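*Asks:* Sequence and predicted structure are below.
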Amino acid sequence: MHSARRVPFIAALATAAALSLAGCGAAVPAASSGGASPSGIGTSSESAGATSAPATAGPTTSGAQPPSSAQVSAGIATYTFPDGRLSFNYPADWRVELFTGAGEPSLSRTATVFDASGTEQVTVYSGQMADAVSHPVNRTVFESEPVPGLSRQPAPAAHYSFYVDRMDGSPTYRMHLTAGTPAAGEGSRVDGIIRIGEEVLVADVRFIEKPFASDEAAKSWLAGAEGQALKALLLSISYS
């Protein structure tokens with residue numbers, strides 16, 4: 001088994017110690033429906049006709065903040081980070097919890113998305129530091145598409161990507177944001193990070209260990225409802 005080589009990435013002007021992608025603070029549960037969203041926290045909104053209440057998560061402060069004005073189709077909610085600039089869409093019967101790192105203001109924020117059964121599905125991180133791991137792998141790329149809402153950010157352009165890496169015959173399936181289209185074939189791979197302003201963005205689907213029996217099973221899952229919902233979430237990420 002080849003060992004992994006960790007490659008750090010540090011956003012401009014960042015001086016804080018490396019922060020976990022899961023954040024360093026405690027999660028604040030979603031607010032109940034019908035109430036105003038606390039000031040300075042991420043907000044969620046959904047269109048009329050959706051079957052469940054939107055999720056709102058984050059540390060509370062004084063005052064109130066209106067929900068996002070983003071227009072979304074029935075059954076889809078929009079989560080907006082505390083800065084009001086980073087957002088994404090997700091199924092309205094799922095929920096989002098926000099974890100914040102140290103510092104005032106916080107130096108990192110991780111939105112964790114749970115499906116209707118309470119299973120963790122996606123993490124979306126923004127902060128001043130992140131890292132990546134380089135592996136000598138044989139990669140097969142199933143899909144990769146540019147993310148429209150991140151098209152104005154520095155190159156290489158952010159892509160939604162779904163692929164499998166094989167290292168010593170063992171497959172690792174990944175669906176996440178990549179810096180450009182991931183390179184296929186054999187080689188040492190580092191997919192890079194997405195830069196947004198003076199920070200970095202990392203968004204990953206949280207697969208369990210060995211989620212698919214084969215590549216064909218992975219493709220079949222992607223074509224199904226869950227695969228398409230997660231693909232749509234990553235493609236909806238936007239920074240303004």
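*Replies:* Structure received.
*Asks:* all contacts plus neighbour counts: C-alpha atoms, from now on.
*Replies:* Will do.
*Asks:* how about the helices in this protein?
*Replies:* Along the chain, counting by DSSP state H, helices occupy 215-223, 225-236.
*Asks:* Tell me which other helices or strands the last one touches.
*Replies:* Put plainly, it is helix 225-236. The helices and strands touching helix 225-236, judged by 3 or more CA pairs under 8 Å, 6 or more residues apart in numbering; DSSP states H and E, are strand 86-91, strand 158-167.
*Asks:* who does the first one pair up with?
*Replies:* When you say that, I think you mean strand 86-91. Under the criterion DSSP bridges, strand 86-91 sits next to strand 76-80 (antiparallel), strand 238-239 (antiparallel) in its sheet.
*Asks:* Quickly list the domain ranges of the chain.
*Replies:* Under the assignment automatic domain parsing, the domains of the chain span 5-11+128-239, 37-127.
*Asks:* sorry, back to before: closest to residue 204 out of the helices of the chain?
*Replies:* Relative to residue 204, the nearest member of the helices of the chain by CA to CA is helix 225-236, separated by 8.4 Å.
*Asks:* for the protein, which spans come out with low pLDDT?
*Replies:* Along the chain, segments meeting pLDDT under 70 span 1-74, 103, 130-133.
*Asks:* pull the longest strand from the protein.
*Replies:* strand 129-146 (DSSP state E).
*Asks:* Would you mind listing the buried residues in it?
*Replies:* Neighbour-count burial for strand 129-146 flags 129-132, 134-141, 143-146 (criterion: 16 or more other CA atoms under 10 Å).
*Asks:* That strand to helix 215-223, inter-axis angle?
*Replies:* 80 degrees (axes from the mean of the first three to the mean of the last three CA atoms, to 10 degrees).
*Asks:* Give me the helices and strands touching strand 129-146, please.
*Replies:* Going by 3+ CA pairs under 8 Å, 6+ apart, strand 129-146 lies up against strand 5-10, strand 158-167, strand 185-189, strand 199-205.
*Asks:* Sheet partners, orientation included, of the longest one?
*Replies:* Paired neighbours of strand 158-167 in the sheet (DSSP bridges): strand 129-146 (antiparallel), strand 170-179 (antiparallel).
*Asks:* pull the CA atoms of it into PDB?
*Replies:* The C-alpha trace of strand 158-167 is given here as PDB (Å, rounded to 0.1, in the frame of the first residue of the first chain):
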ATOM      1  CA  ALA A 158     -14.900  24.600 -10.100                       C
ATOM      2  CA  HIS A 159     -16.500  21.300 -11.400                       C
ATOM      3  CA  TYR A 160     -18.900  18.800  -9.900                       C
ATOM      4  CA  SER A 161     -17.100  15.400 -10.400                       C
ATOM      5  CA  PHE A 162     -17.900  11.800  -9.800                       C
ATOM      6  CA  TYR A 163     -15.100   9.200 -10.200                       C
ATOM      7  CA  VAL A 164     -13.400   6.200  -8.700                       C
ATOM      8  CA  ASP A 165      -9.700   5.900  -7.700                       C
ATOM      9  CA  ARG A 166      -8.100   2.500  -7.500                       C
ATOM     10  CA  MET A 167      -5.000   2.100  -5.400                       C
END
